[in-house]
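Novice: Have a look at this fold, sequence not included:
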């Protein structure tokens, strides 16, 4: 398997804020395609928040088979930009569960505008547990991957999930300077009001308004303590790299 293809799938999935979902209409079996908000669970599984009034909600409850199309458009030919189709089975998340609390925090950190309706009684979270993924990475770059090829199936996911919220809050409140360094050095991004929205075993996500960046770790995290040490090391690496790049006066 091409490592660059796996990284591309992970980047597309972690940075996506919306997708198109295809479901089967109860009774007729006709296909329905609608746009949804999307985030990820810690292992990279797509997650969505849907209303009972949406056509795809009763469809998912009647038949959990679905497919999602992920990929941001840019300038020029829309068919020239990377995108992927993921076959999945939807699983509704029970309210008042530890899983719901974890997923809700990650979703609202990634999609803060969803706070307007996430607490309404008719809204529910679904994990869209992936099967086959078909990636079109551009001309001559077509791949088919199993879920296990690209999900972040780390043995420390639960430990990282327990530490994530405090780590993200601490970084955003106390270390905006380090976050700016990450964006400029590792993502070659413009200066802005960047904030961390999530940290997982493979990397972390930054956002500034509608723009989302994905930054990968050099090696997967081995523990929650490793999360802190890696972020500190990366801030130092970015600071040194940017200083070296400055023209001599």
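Specialist: Okay, I see it. None of the values given here were measured: they were computed from a predicted structure. Numbers count the residues shown, from 1 in each chain.

Novice: report the longest helix in the protein, please.
Specialist: Counting by DSSP state H, the longest helix found in the chain is helix 224-245.

Novice: just checking, what packs against that one?
Specialist: Judged by 3 or more C-beta pairs under 8 Å, 6 or more residues apart in numbering; DSSP states H and E, the packing partners of helix 224-245 are helix 157-174, helix 176-186. From N, CA and C alone the C-beta is placed, and that goes for glycine too.

Novice: chain center to it: distance?
Specialist: The chain centre lies 22 Å from the centre of helix 224-245; the measure is C-alpha atoms, centre = their mean, to the nearest Å.

Novice: Outside of that helix itself, list whatever touches it.
Specialist: Applying C-beta atoms under 8 Å, 6 or more residues apart in numbering, the contact partners of helix 224-245 are 156, 159-160, 162-163, 167, 171, 175, 178, 181-182, 184-186, 199, 204, 217, 221.

Novice: for the helices and strands packed on helix 224-245, which one ends up most surrounded?
Specialist: Comparing the helices and strands packed on helix 224-245 by mean neighbour count (mean count of other C-beta atoms under 10 Å), helix 176-186 ranks first with a mean of 19.

Novice: measure residue 195 to residue 213 for me?
Specialist: 11 Å (C-beta to C-beta, to the nearest Å).

Novice: what sits in contact with each of the two?
Specialist: When contacts are counted by C-beta under 8 Å, 6+ apart, residue 195 and residue 213 are jointly contacted by 206-207.

Novice: domains of the protein?
Specialist: Domain segmentation of the chain under automatic domain parsing yields 3-153, 158-245.

Novice: got a markdown table for these, with mean pLDDT too?
Specialist: Listed next are these as a markdown table, based on pLDDT from 0 to 100:
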| stretch | mean pLDDT |
| --- | --- |
| domain 3-153 | 94 |
| domain 158-245 | 96 |
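
Novice: picking that back up, by how many degrees do the longest helix of the chain and helix 176-186 diverge?
Specialist: Put simply, helix 224-245 runs at 70 degrees to helix 176-186, going by axes from the mean of the first three to the mean of the last three C-alpha atoms, to 10 degrees.

Novice: buried residues in helix 224-245?
Specialist: For helix 224-245, the neighbour count (16 or more other C-beta atoms under 10 Å) marks 224, 226-227, 230-231, 234-235, 238 as buried.

Novice: which among those gets closest to residue 8?
Specialist: Nearest to residue 8 among the buried residues of helix 224-245 is residue 234, at 21.4 Å by C-beta to C-beta.

Novice: Contacts for the strand or helix carrying residue 13, please.
Specialist: Element membership of residue 13 [criterion: DSSP states H and E] is helix 3-15. Under the criterion C-beta under 8 Å, 6+ apart, residues 40, 44, 46, 70-72, 82-84, 133, 135, 137, 141, 143, 145, 149-150, 152, 198, 200, 202-203, 205, 212-214, 216 lie in contact with helix 3-15.

Novice: repeat that with 6 Å
Specialist: The contact list for helix 3-15 (C-beta atoms under 6 Å, 6 or more residues apart in numbering) reads 40, 44, 70-71, 84, 135, 137, 143, 150, 205, 212, 214.
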